[in-house]
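[1] Provided below are the primary sequence and the corresponding predicted coordinates.
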Amino acid sequence: MSEVDVDQLREAVERQHGSTANLVQSVPVTETFEGVTVWEGVVHVFDLAGHAQAQRAYAWSAPISGRTARRFFAVLHTDKINSPVAAVRAAIVAERRHGGN
């Protein structure tokens, strides 16, 4: 899987959430369901400056099936989404509910 530049992820976070984002760390994540890997990659953790609802966001990209483009994910930290793994799980659930790729 071809990863994007961290600056592209930072820009995606800032664009989607309207706050300045500063990289804190990059965390490798492997998410499995019933013994099958459903997502594997690196989640980048950003601190947010001046966001009204969150002080942190989790960001990564994934290929779009059948295309060379990538989709950017920028998930805000909440009480329930409080780690890179939880952010990936939340995005997977949301995509399945909405029929996304």
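    Happy to help now that I have it. Numbering: from 1, shown residues only.
[2] buried ones in stretch 46-59, by neighbour count?
    Judged by neighbour count using 16 or more other Cβ atoms under 10 Å, the buried positions of stretch 46-59 are 46-48, 51, 56-59. Using the backbone N, CA and C atoms, a C-beta is placed for each residue, glycine as well.
[3] stretch 15-35 now?
    Residues of stretch 15-35 classed as buried by neighbour count (16+ other Cβ under 10 Å): 16-17, 19, 21, 27, 29, 31.
[4] returning to what we had before: among the buried residues of stretch 46-59, which ones are in strands?
    Counting by DSSP state E, the buried residues of stretch 46-59 place 46-48, 56-59 in strands.
[5] ok, residues contacting stretch 36-47?
    Stretch 36-47 has contacts (Cβ atoms under 8 Å, 6 or more residues apart in numbering) with 1, 3, 6, 9-10, 13, 21-32, 55-62, 84-85, 87-88, 92.
[6] change it to 6 Å
    Applying Cβ atoms under 6 Å, 6 or more residues apart in numbering, the contact partners of stretch 36-47 are 6, 9, 13, 21-31, 56-60, 84, 88.
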